[in-house]
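In: here's my sequence, what's the structure:
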Amino acid sequence: MLKVTLLGTGGTQPLPERALAAAAVSVGGHNILLDCGEGTQVGLRRYGVSAYRLSAVLLTHYHGDHILGLPGLLQTLGSLNRTEPLTIYGPRGIEAVSRAIMALAGPQAYPVRWQQADAPFTVNELQITPFPLTHRVPCCGYALALPRAGKFDPARARAAGIPIEYWGTLQKGENVGGFTPEQVLGAPRRGLKVVYATDSRPCPAIVDAARDADLLCMDATYADDADLDKAKLYGHATCRETGETAAAAQVRRLWLTHYSAAVSDTGPGLAAAQAACPAAVAGYDGLTEELEFDKT
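Out: Next up, the predicted model:
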């Protein structure tokens, strides 16, 4: 029902086997891009995520390793004859960034809209909630939720005299023919939630946003706590801290991402994270998972 793909898992500088941190969330035939460092287009092609079907871009912050792929991506979309508007969201300061990016990308035939992410918003079926991260510059994470309607009750539909041809529409939560979903649906069921939080120190906002999430993708810049002072100085997390944050939020899965270029072996960092969160996985470029609703 909801597919997540890591397009890159590196921080600051790309490596031959590790692109800069970016991810895609796909649902209903459309994609949302989280961050867009240089080379993100290569990841989109390599891992089968359609750039043409992008509905929005969510930027965590404006350091170069998270935005320098945008001018080229915008040009590519223009060359694909895109006509649909593209909205780019980000924390405060987006006005100045938009001017710089558009100066590089040049005028496009499709509208490019820039929006400060200071309140929840909806893109297609996804309900997206930005939340503040603790970094050296204004930075936000994103919780992307796919809600799930209550279970359809055919007996109630028949008793209300609702024609069968309306049932599918009502199941989608839409009114039809004078009937409403509340007449035939039970209480809303558990949906799906993916949370993306990089770059950041561990903070209560991540725990709150990721509570009971199906997947948390979180900053794991430093593998070893020997670099803890560096993590505090630059506004990042160690793998141990990332695992503890995920455990506090009781997430179902944790993907480590945004590794320092000095991390050549993700094994020790993964072990540190798994000490607190056994469901932790060492993220890698191309890691993909399709999340499905609980079978209830």
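In: list the contacts of the residue most central in space within the chain.
Out: Averaging the C-alpha coordinates of the chain gives a centre point, and the residue nearest to it by Cα atoms, centre = their mean is residue 196 (4.8 Å). Counting by Cβ atoms under 8 Å, 6 or more residues apart in numbering, residue 196 touches 23, 34, 58, 60, 141, 142, 144, 217. Any C-beta I mention is one placed from the backbone N, CA and C, and that applies to glycine too.
In: can you check residue 236 too?
Out: 11, 135, 199, 200, 201, 219, 221, 222, 230, 258 are the contacts of residue 236 under Cβ under 8 Å, 6+ apart.
In: over to residue 263?
Out: Counting by Cβ under 8 Å, 6+ apart, residue 263 touches 222, 223, 269.
In: and which of those is nearest to residue 15?
Out: residue 223 (14.7 Å; Cβ to Cβ).
In: quick check on the closest one: phi, psi?
Out: phi -80, psi -30 (degrees, to the nearest 10).
In: could you do residue 87 as well?
Out: According to degrees, to the nearest 10, residue 87 has phi -100, psi 130.
In: could you find the closest non-adjacent residue to residue 114?
Out: Excluding the flanking residues, the one nearest residue 114 by Cβ to Cβ, 6 or more residues apart in numbering is residue 98, at 4.0 Å.
In: how many other residues sit next to that neighbour?
Out: 17 (other Cβ atoms under 10 Å).
In: before we move on, what about the one 4 residues further on?
Out: Using other Cβ under 10 Å, the number of residues around residue 102 comes to 16.
In: tell me who's in contact with it.
Out: Contacts of residue 102 by Cβ under 8 Å, 6+ apart are 74, 112.
In: related to what we said a few turns ago, wait, which of the contacts of residue 196 is closest to residue 181?
Out: Within the contacts of residue 196, proximity to residue 181 (Cβ to Cβ) peaks at residue 144, which comes in at 22.8 Å.
In: confidence score at that closest one?
Out: Note on residue 144: pLDDT of 98.
In: what's it in contact with, if anything?
Out: Here residue 144 is in contact with 25, 32, 126, 127, 128, 193, 194, 195, 196 (Cβ under 8 Å, 6+ apart).
In: state the distance from it to residue 85.
Out: 20 Å (Cβ to Cβ, to the nearest Å).
In: one more: residue 65?
Out: Distance from residue 65 to residue 85, by Cβ to Cβ: 26 Å.
In: same check, this time on residue 159
Out: Residue 159 is 44 Å from residue 85, by Cβ to Cβ.
In: try residue 151
Out: The separation that residue 151 has from residue 85, given Cβ to Cβ, amounts to 36 Å.
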